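# Give the three-dimensional model of this entry:
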Amino acid sequence: MKNRVAAVLLAVVMTAGMLTGCGAGSSAAESAPSAVSSAAPEAKEETTESVSASETEETAGAASASEAAEEDTAAVSEAAENGTAAIEDGTYLAEFTTDSTMFHVNEANDGKGILTVADGKMTIHVSLVSKSIVNLYPGLAEDAQKDGAELLEPTEDEVTYSDGMTEKVYGFDIPVPVLDEEFDCALIGTKGKWYDHKVSVSNPEPYTEE
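Prediction:
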């Protein structure tokens, strides 16, 4: 009888221990998701803040670059409107480009002319390929034919080719309103007809006459 009672008590104690263990495990399991759940929003918030800061820096950098470009463009435009140069006074070797195969710098000069900047005004001297162009006008052909139009008169230049041969051609001093942009320049040839052309001056480099 005593042995049976002891067995029953032992069974009760073991059952109670098992129930206690299950309860503890359940509590640990229930608390774990809570810890993970509370950590997740913090990590997400930190990531969001990092991405937002990065996007803000990129946006600010792009805005600064855009503002700088607008300022440069505005400076060039203002210089053109005021008839002043965007470079310092001095003498430069610059490229002179036209829209015509008949009107261009003599090949002996490699497509370049002498750009002079004085008191903020720019003028480029170019030697042409022959004496077939007798006048230029810094503007449109229509305006060149109006009374009082001031035509550009030619100079007689001597050019020397790579083979040593020399030739006398016409050259002109052409006002340059702006660098790196096309502007109007009309011409008249020996046949007495005016033509409109677009020209541009670019890539000025300091020049010292040898």
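
# SS state for Ala108?
At Ala108 the chain is in helix, as set by DSSP: H, G, I helix; E, B strand; the rest coil.

# For the chain, which segments count as helices?
2-82, 141-144 (DSSP state H).

# Using PDB, list the CA coordinates for stretch 100-119.
C-alpha atoms of stretch 100-119 as PDB (Å, rounded to 0.1, in the frame of the first residue of the first chain):
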ATOM      1  CA  SER A 100      31.400  76.600 -96.500                       C
ATOM      2  CA  THR A 101      34.100  74.800 -98.400                       C
ATOM      3  CA  MET A 102      34.800  78.000-100.400                       C
ATOM      4  CA  PHE A 103      35.000  80.400 -97.500                       C
ATOM      5  CA  HIS A 104      37.600  79.200 -94.900                       C
ATOM      6  CA  VAL A 105      41.100  79.800 -93.600                       C
ATOM      7  CA  ASN A 106      44.000  79.100 -95.900                       C
ATOM      8  CA  GLU A 107      45.400  75.600 -95.500                       C
ATOM      9  CA  ALA A 108      48.800  77.100 -94.800                       C
ATOM     10  CA  ASN A 109      47.400  78.300 -91.400                       C
ATOM     11  CA  ASP A 110      45.800  75.000 -90.400                       C
ATOM     12  CA  GLY A 111      42.400  76.400 -90.000                       C
ATOM     13  CA  LYS A 112      43.400  79.100 -87.400                       C
ATOM     14  CA  GLY A 113      43.600  82.800 -87.100                       C
ATOM     15  CA  ILE A 114      45.100  85.400 -84.700                       C
ATOM     16  CA  LEU A 115      42.600  86.400 -82.100                       C
ATOM     17  CA  THR A 116      43.200  89.800 -80.500                       C
ATOM     18  CA  VAL A 117      41.400  90.800 -77.300                       C
ATOM     19  CA  ALA A 118      41.700  94.500 -76.300                       C
ATOM     20  CA  ASP A 119      39.500  96.400 -73.900                       C
END
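
# Tally up the residues packed near Val199, please.
22 (other Cβ atoms under 10 Å). In short, each C-beta sits where N, CA and C put it, glycine included.

# again, but for Leu151
Using other Cβ under 10 Å, Leu151 has 15 other residues around it.
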